[in-house]
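Colleague: No sequence on hand, only this structure:
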């Protein structure tokens, strides 16, 4: 919000127009969009938000090759910008990134008239026609920046009108992104996030939680609103089916209706110029002027100004009161939606009405719809140069350059990529790391993005392995022969080269000593499941090594490991290990590729412990059988009977009920009829 | 002998109904969906919702979700503090244009598979229709499974069916 306010203050002081040529304008625009994206990506992905200086962080964590490339690309793009606008040279060369003092703009912008321009009926029609495209673009641009969103559900093809390409959408600013993100979170993940607070409370309470009803209020609220919306939607079967079968696909239409409703609400309620009698409770006889000349994107700018109220009050009310109407009728239902859903306290109405930023942003947005593109581009330059993201990127560059000049540099090769690091001691890179000392240190400073990779730019000395885990330490201390082989395998993994021969050697060394080593490894400090697999059960990674072994051997190893885990005494460790076993072994796709649908021992144990009522349903699911009702009841009953019968009679009972011999054997193998036969 | 066995099995199955498997992120729940209500997934982020056929103009619905929360609930505290639930519902009513009519008191019981269920509810009116909403918090192997049924008050059969579903809830594989 602070950046937005600063940005607005620039616009009020705009005076002259230094850009003259259209080609320069569009080139500048392209560079600024690119720089905004680059610095945004650097800020989000390269350094965490720190309370202290970045120097110590970069000293211990280094910088990834990808981030270093971002920085060099930023420098390159800024140099291009500076060539187009020589007055920017000092700012571009300001290496700390902290180049702007106070609120003085870097580039002056054209002045705007304080009176809203009139727009013709043709303008109004154009704005109205473009609204759905604008909003769809806004959704696509925002959603694609969300790392946590399931992009399959929200593909541009689903959100954009037919025939429109995502490339024709420009990036949104962060405020619009925030509003759109809130909208999506509210609709798509309305309910999921509700449990977060209760999880925290549960962890804090450990035992019993007294004020449970308070902690579940968020989950209660969201489920009540969502289920009420669905009950209302079910009154119309067409709408109900479209929500049920294509929930994400209806979102675009809903979003347009939300923005249209908000526009109408601002025009005929919040900023109504004359009421029939009591304000906000009677009819608005003179709606605010100029709103029909505002594009939908401009209205979103206005919504940004009241982001807090919009997210906390407008959205929840819209979901329970207006969502189904919006999904059914789209923008045409704006008036109905406002009447049924936009009901807020006097306090809220007053705070929006008195908000200087919403008035300013709506007025300015209205002008900018008609203002030459040059003004917008210049305002983007100002906005970019004062952005916190740029400051982070430029400061980081300065720090890393200084470190490269003054200390020994290493290329750290890790599973998540290559890093430039500067201190071997106290290095805080996660996972396995191979460190290669860089012999030509100064090359780092002349490294150019897109032209070279680290490997080609630097002369590297002999590597060593850093960050040994507790499990690896225990295992290699007991069996030193494993140390060298594990180091070779690890470097092979990091370099993504073949390690099969080394793994076969590892298995040979483990012969006969695996149970003892597993017990020791599980007793190590905070043992990790992945480390147990890497050091002691490499075949359960289901890679090339597993393909060389027989299914019988693999199943034996799985059972052996499961029994080790089941015997862990620490309940927290046991639970976490079994959960990892479930995720990395039971649910592993690689395992399925090798062992097809052969059950592992944990699945067998889990199935054997199901209640008798549900064993039948699970059994039929495993066999992928979909019989008619009568047949199904008969087969499920047979499964239950077989479960409580001796091992010798199970197969016969199942076959008598109609299962084939292979099906009966499969049910027994999966533990559906009990654990005894396994 | 074969006929006898078949008849025994058939008699036993007469009581058995349709077990609906609700699988999400490696967790599996089972409920006996004897009326075979329609299942929908991931609406508003709710993993599972069963919908009734349309009766009195609307479909009733019941949601199911693994909350992922590990917690042991205290019956005494839940009963004593149910005012908190009621106050929250009053607040919800104000922001969602709904008038709270009455509350269904907190109740705790064991379902058919010995899982502890904690239920509580509210009756409210909105847009001229009256709804009964019941929340069910089931303790499944130390974790909380959430379910909520919503039906028009005149759809009494659906309210009964919510209870039957919860009564049959099997925590399955968590």
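Modeller: Alright, I've got the coordinates. Remember, it's a predicted structure, so these values are computed and weren't measured experimentally.

Colleague: For the residue nearest the centre of chain B, list each beta-bridge partner.
Modeller: Nearest to the geometric centre of chain B sits residue B:147, at 4.2 Å (C-alpha atoms, centre = their mean). Judged by DSSP bridges, the bridge partners of residue B:147 are residue B:64, residue B:136.

Colleague: Isn't it up against residue B:62?
Modeller: Yes: the pair residue B:147 / residue B:62 is scored as a contact, 6.1 Å apart, by C-beta atoms under 8 Å. Quick note: C-beta positions are derived from backbone N, CA and C, even for glycine.

Colleague: The stretch 301-450 of chain A: strands as residue ranges?
Modeller: Listed in chain order, the strands of the stretch 301-450 of chain A (DSSP state E, counting those that start in this stretch) span A:410-414, A:417-421, A:433-437.

Colleague: Highest mean neighbour count out of the ones you listed?
Modeller: Highest mean neighbour count among those (mean count of other C-beta atoms under 10 Å in any protein chain shown): strand A:410-414, with a mean of 23.

Colleague: hey, what's in contact with both of residue B:147 and residue B:62?
Modeller: Taking C-beta atoms under 8 Å, 6 or more residues apart in numbering or on different chains as the contact rule, residue B:147 and residue B:62 both touch B:162, B:165.

Colleague: mind listing the strands for the chain?
Modeller: Just going to use chain A. Secondary structure of chain A by DSSP state E: the strands cover A:63-64, A:274-275, A:284-286, A:410-414, A:417-421, A:433-437, A:464-466.

Colleague: Actually, chain B is the one I wanted.
Modeller: Secondary structure of chain B (DSSP E): strands at B:19-24, B:27-32, B:38-43, B:46-51, B:61-70, B:99-110, B:116-126, B:129-140, B:143-152, B:170-173.

Colleague: Let me know the angle separating the third one from strand B:61-70.
Modeller: If I follow you right, that is strand B:38-43. 50 degrees (axes from the mean of the first three to the mean of the last three C-alpha atoms, to 10 degrees).

Colleague: counting contacts, what elements does strand B:38-43 pack onto?
Modeller: helix A:237-245, strand B:19-24, strand B:46-51 (3 or more C-beta pairs under 8 Å, 6 or more residues apart in numbering or on different chains; DSSP states H and E).

Colleague: try it again with 6 Å
Modeller: For strand B:38-43, the packing partners by 3 or more C-beta pairs under 6 Å, 6 or more residues apart in numbering or on different chains; DSSP states H and E come out as strand B:46-51.

Colleague: Remind me what the strand it packs on packs against, helices and strands.
Modeller: Counting contacts by 3+ C-beta pairs under 6 Å, 6+ apart, strand B:46-51 is packed against strand B:38-43, strand B:61-70.

Colleague: most packed of the ones you listed?
Modeller: strand B:61-70 comes out most buried of the helices and strands packed on strand B:46-51 by mean count of other C-beta under 10 Å, with a mean of 22.

Colleague: For that strand, which outside residues touch it?
Modeller: For strand B:61-70, contacts defined as C-beta atoms under 6 Å, 6 or more residues apart in numbering or on different chains pick out A:195, A:198-199, A:202, A:223, A:227, A:230, B:22, B:27, B:46-51, B:142-150, B:162.

Colleague: Weed out the non-buried ones from these.
Modeller: A:195, A:198-199, A:202, A:223, A:227, A:230, B:22, B:27, B:46-51, B:143-150, B:162 (16 or more other C-beta atoms under 10 Å in any protein chain shown).

Colleague: picking up where we left off before, could you dump the strands of chain B into JSON lines with distance to residue A:650 and mean pLDDT added?
Modeller: Formatted as JSON lines, the strands of chain B follow (distance: least, C-beta to C-beta, whole Å; pLDDT from 0 to 100):
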{"stretch": "strand B:19-24", "distance to residue A:650": "21", "mean pLDDT": "77"}
{"stretch": "strand B:27-32", "distance to residue A:650": "22", "mean pLDDT": "84"}
{"stretch": "strand B:38-43", "distance to residue A:650": "32", "mean pLDDT": "88"}
{"stretch": "strand B:46-51", "distance to residue A:650": "32", "mean pLDDT": "92"}
{"stretch": "strand B:61-70", "distance to residue A:650": "32", "mean pLDDT": "86"}
{"stretch": "strand B:99-110", "distance to residue A:650": "31", "mean pLDDT": "96"}
{"stretch": "strand B:116-126", "distance to residue A:650": "33", "mean pLDDT": "96"}
{"stretch": "strand B:129-140", "distance to residue A:650": "29", "mean pLDDT": "95"}
{"stretch": "strand B:143-152", "distance to residue A:650": "31", "mean pLDDT": "93"}
{"stretch": "strand B:170-173", "distance to residue A:650": "22", "mean pLDDT": "77"}
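
Colleague: Compile these into CSV and extend it with columns for distance to residue A:83.
Modeller: Shown next, in CSV, are the strands of chain B (distance: least, C-beta to C-beta, whole Å):
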stretch, distance to residue A:83
strand B:19-24, 55
strand B:27-32, 58
strand B:38-43, 51
strand B:46-51, 55
strand B:61-70, 54
strand B:99-110, 67
strand B:116-126, 63
strand B:129-140, 64
strand B:143-152, 60
strand B:170-173, 63
